[in-house]
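>>> Whatever this is, show me its structure:
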Amino acid sequence: MKHTFIKDVLLNKKKWLNKSVTVCGWVRTSRDSKTVAFLEINDGSSFKHMQVILDKEIIKNFNELLPLCTSVKVTGKCVEAQNNSDVLEINAEKVEILGSCPPEYPIQKKPHTLEFLRTMPHLRVRTNTFSAMFRIRHALSEAIHRYFWDNDYMYVHTPIITGSDCEGAGEIFKVTTIGYDAKNKFKSEADYYANDFFGCQAGLTVSGQLEGEVMALAYGKIYTFGPTFRAENSNTSRHAAEFWQIEPEVAFAEIDDIIEIATAMIKYIVKFVLEKCPDELALFERFYEKGLIAKLQNVVDSEFEKLDYTKAIDILKKSGKEFVYPVEWGCDLQSEHERYLTDEVFKCPVFVVHYPKDLKSFYMKQNPDGKTVSATDLLVPGVGEIIGCSEREADYEKLKQAILDRGMNLSDYDNYLDLRKFGTVPHSGFGLGLERMLMYITGIGNIRDTAIYPRAKGELR
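Sure, this is the predicted structure:
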């Protein structure tokens, strides 16, 4: 179907002023008056809508065009908008209905809560909020790829189906071809897995890190960017069972090096979104978080705080606040602790470094004190943790012992241990959850509103 995209018309006034054009789109809003009617249509190419003026003497079927989400093909002349000479609108000469929309269309021209819109994810993407969200998600993804490309990282694709649990927490979704009715036919668990597709236990990946380390110890600087899955029994606003994760891995890099890399990447991608999505961010500032744009600009312009875990615990204990979760050295920081540090104390992103080793995964480098590891989380105001980062344990014997101490199956990590046996080097990496980063950039308070079809415990649409 020959037509011009609305974005082209809106961005090229000199090209289209007083010229005839044909555009297609869905009616996003409409209004009627005595002699004319107005449509605002959108074809998905632009966040902004195109206004169409219907002269009732010319467009006789104007009443059929007014229902929201009716899809139309409009031909007419581009003219300057009466209230803004910098913007074009179309005086319609012919309008064809491509798809009518009945009155029971559930998203009408009135305020709807995000909770209500979650009940219809297939339709909520047509609203202004989610149009802005997914355009920002697109821009953010592009920014991530550009940052790593510009800095000579290799993009690698790690397996979705894996036989290992990277984090050692057991929160994996099992993958099997054996149906429920057949599971009792086997004499033992070993017999069950021997008859399964892979001949062993398999699951959806919780992280591409282990495979990423393989590639980094051959190519120096790599990153992965793809879906990860965690069967975590959590129903909070920050947790999802399926999320996209960015995981760079860098050889010859220690903890301070990877913190510097994480800082540079965050600043780059935030600046990119500020430049590419001003209209979308303006919507989120207006309706979801006052001061959002200034907050993001502050991320680009300011230094990030670096805070030792032990010092963080001391600050929390001396805060005078009554936290729901008590604070003692050795405890994991909860959302309330993280937000106190970022929102009330430092008012900027904070790297908390050198966590107790018992809180962190087996692969993190042990510090000389024997109690902590070279690990850090990046905490941001309003969200909490968005990056988990560490230097990896490069010592073969220490890594082997860490696996054994956690009761993990040593043979599952033979290849991983080989990396320490054959030419080990200091290396570091981090994981950034795309959806949590979107929460921070948009001010949206629930991770379920950052994905088309969010996956969480008990939720599968």
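>>> Distance of N91 relative to S30?
Per C-beta to C-beta, to the nearest Å, N91 is found 16 Å from S30. (Glycine included, C-beta is placed from N, CA and C.)
>>> which one of the two has more residues nearby?
S30 (19 against 16; other C-beta atoms under 10 Å).
>>> ranges for the helices of the stretch 51-200 of the chain?
62-65, 114-118, 121-124, 128-150, 189-194 (DSSP state H, counting those that start in this stretch).
>>> Is I222 located within a helix, as I assumed?
No. Going by DSSP: H, G, I helix; E, B strand; the rest coil, the assignment for I222 is strand, not a helix.
>>> Just give me the neighbour total for it.
Per other C-beta under 10 Å, the neighbour tally for I222 reads 26.
>>> didn't it look like it was pressed against Y153?
Yes. Assessed by C-beta atoms under 8 Å, I222 is found in contact with Y153 at 6.0 Å.
>>> what residues are shared contacts of these two?
Here I222 and Y153 have P248 as joint contacts, going by C-beta atoms under 8 Å, 6 or more residues apart in numbering.
>>> what's the most buried one of the helices of the stretch 51-200 of the chain?
helix 128-150 (a mean of 18; mean count of other C-beta atoms under 10 Å).
>>> hmm, who's touching that one?
Residues contacting helix 128-150 (C-beta under 8 Å, 6+ apart): 28, 42, 47, 114, 117, 124-125, 155, 223, 225, 246, 248, 264-265, 268-269, 272-273, 276-277, 279-281, 283-284, 287, 434, 437-438, 441-442, 444, 449-450, 452.
>>> among those, which ones are buried?
Using 16 or more other C-beta atoms under 10 Å as the burial test, the contacts of helix 128-150 include 28, 42, 47, 114, 117, 124, 223, 225, 246, 248, 265, 268-269, 272-273, 276-277, 280-281, 283-284, 434, 437-438, 441-442, 444, 449-450 as buried.
>>> mind listing which of these are in helices?
Members of these lying in helices (criterion: DSSP state H): 114, 117, 124, 265, 268-269, 272-273, 276, 280-281, 283-284, 434, 437-438, 441-442.
>>> residues touching the residue of the chain most remote from its centre, list them.
Note on the chain: the largest C-alpha distance from the chain mean falls to E57, namely 48.9 Å (C-alpha atoms, centre = their mean). Residues near E57 by C-beta under 8 Å, 6+ apart: T35.
>>> Could you do P356 as well?
Applying C-beta under 8 Å, 6+ apart, the residues near P356 are Y309, W329, G330, K371, T372, V373.
>>> what's the farthest-apart pair in these?
Spanning the widest gap among the contacts of P356 are W329 and V373, at 14.5 Å by C-beta to C-beta.
>>> the more surrounded of those two?
The neighbour comparison of W329 against V373 (other C-beta under 10 Å) goes to V373, with 27 against 12.
>>> Would you confirm that the more buried one contacts H354?
Yes. At 7.2 Å, V373 and H354 qualify as touching, with contact defined as C-beta under 8 Å.
>>> who touches both of the two?
Going by C-beta under 8 Å, 6+ apart, residues that sit against V373 and also against H354 are N367.
>>> which stretches of the stretch 201-350 of the chain form helices?
209-219, 255-276, 278-287, 292-301, 309-317, 335-339.
>>> Check which residues of the helix or strand hosting Q401 are buried.
Assigned by DSSP states H and E, Q401 belongs to helix 396-405. Neighbour counts over helix 396-405 (16+ other C-beta under 10 Å) mark L399, K400, A402, I403 as buried.
>>> Tell me the spacing between the second one and N409.
With distances defined as C-beta to C-beta, the gap from K400 to N409 amounts to 12 Å.
>>> do the same with the third one
Taking C-beta to C-beta as the criterion, A402 is separated from N409 by 13 Å.
>>> Tell me if G382 really is in a helix.
No. Looking at G382 with three-state DSSP, it is coil, so not inside a helix.
>>> and it, what pLDDT?
With respect to pLDDT, G382 scores 80.
>>> measure it to E338 for me?
From G382 to E338 the distance is 10 Å (C-beta to C-beta).
>>> And these two? Which one has more around it.
E338 (21 against 14).
>>> Okay, and the beta partners of the closest residue to the more buried one other than its chain neighbours?
Once flanking residues are discounted, E338 sits nearest to G384: 3.9 Å by C-beta to C-beta, 6 or more residues apart in numbering. Beta-bridge partners recorded for G384 (DSSP bridges): V380.
>>> Tell me which residues touch G384, please.
With C-beta under 8 Å, 6+ apart, G384 has these contacts: R238, S335, E338, R339, T342.
>>> For the third one, list the residues it contacts.
For E338, the contact set (C-beta under 8 Å, 6+ apart) comprises L379, G384, E385.
>>> Quick check, pLDDT for it.
94.
>>> any low-confidence regions in the protein?
Applying pLDDT under 70 to the chain flags the ranges 166-170, 183.
>>> if you count residues, which strand in it comes out on top?
If you go by DSSP state E, the chain has its longest strand at strand 84-99.
>>> List the buried residues of that one.
L88, E89, I90, N91, A92, V95.
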